[in-house]
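**Q** Sharing a sequence plus its predicted fold:
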Amino acid sequence: MRAYLDYLESHGHKVTEIRHDVITGYLRVRRDKGLKTSTLCRELEAIRMFHRFLFSEGLAAKDPSSKTVSPRLLHRLPSVMSVREVEKLISSIPNEKEHDIRFKAMLELLYASGMRVTELTRLPREAVDLDAGFVRIMGKGRKERMVPLGRSAAAALRKYLAVRAVKFMNRSYDKDALFLTKFGKSMSRGEFWRQLNAYTKRAGMVKIHPHILRHSFATHLLQGGADLRSVQELLGHSSLVTTQIYTH
């Protein structure tokens, strides 16, 4: 229980006012640290007993643990970063060199839009409308969707495009692509993954996979009260069932 209470305190949660997804978030963190399913099951049982006690004694208005997914199903749920972890990763990237500015813009855009990494690396320059504050994404099945950028992502993109213009002023480059390598070519998914690992390590964080910002985008929206159908449209899911995995 000590680890659970420390987690709640470090994330600013009051033990009597949490939702079931906070408990699931804690179990995800423990799972990602390598704890066995049997250990997680024991931890969840202790957490359930604790919250049942608070509810039965009138110390909490509800028992959030009753809706918590079983640790045996956790392997089906996507890993997510907390808002603080996302902010830590993005803020750890310097703002001086072109490759740092480019990668910060990529992370900001990923987290602001929830797009897939493949969609990001294939994004054409014309898909971004900074004045309107939207990005046009071509998803699976060539289904197009419009997603708002947000201030941070728009600012990061403006800075990157300004630096990019100077870098390739007198050089040939792929004019259709948004994110370019130092050779002026469109960045590949593999290169993005390699750089993500390097920046994550530099920030002193656990290695993450490319889709984690997409998962975090969806989870944080729903935790903030966003409508499930709206999140489905932003993610480009053809079925609402696919989006519902983020509600656990």
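**A** Perfect, thanks for sending it.

**Q** start to end distance for stretch 134-142?
**A** 18 Å (CA to CA, to the nearest Å).

**Q** Buried ones in that stretch, by neighbour count?
**A** 134-135, 137-139 (16 or more other CB atoms under 10 Å). Just so you know, the C-beta spots here come from the backbone N, C-alpha and C atoms, and that holds for glycine as well.

**Q** With stretch 184-194 instead?
**A** Neighbour-count burial for stretch 184-194 flags 186-187, 192 (criterion: 16+ other CB under 10 Å).

**Q** what do you get for stretch 166-179?
**A** 167-168, 174, 177-179.

**Q** Distance of Phe134 relative to Met1?
**A** Computed as CB to CB, to the nearest Å, the Phe134 to Met1 distance reads 46 Å.

**Q** starting at the chain centroid, how far to the longest helix along the chain?
**A** Determined from DSSP state H, the single longest helix within the chain is helix 37-56. Here the centre of helix 37-56 is set off from its chain's centre by 27 Å, with CA atoms, centre = their mean, to the nearest Å.

**Q** Which is the succeeding secondary structure element to that helix?
**A** helix 83-91 (DSSP states H and E).

**Q** Next one: the residue lying farthest from the centre of the chain, what pLDDT does it get?
**A** The centre of the chain is farthest from one residue, Glu57, which by CA atoms, centre = their mean lies 37.0 Å away. With respect to pLDDT, Glu57 scores 87.

**Q** Show the backbone phi and psi for it.
**A** phi -90, psi 0 (degrees, to the nearest 10).

**Q** sorry, back to before: among the buried residues of stretch 184-194, which ones are in helices?
**A** Going by DSSP H, the helices hold Phe192 from the buried residues of stretch 184-194.

**Q** nearest to His215, of the buried residues of stretch 184-194?
**A** Minimum distance to His215 across the buried residues of stretch 184-194 is 16.1 Å, recorded for Phe192 (CB to CB).

**Q** Next, find the distance separating Gly141 from Arg31.
**A** In terms of CB to CB, Gly141 sits 32 Å off from Arg31.
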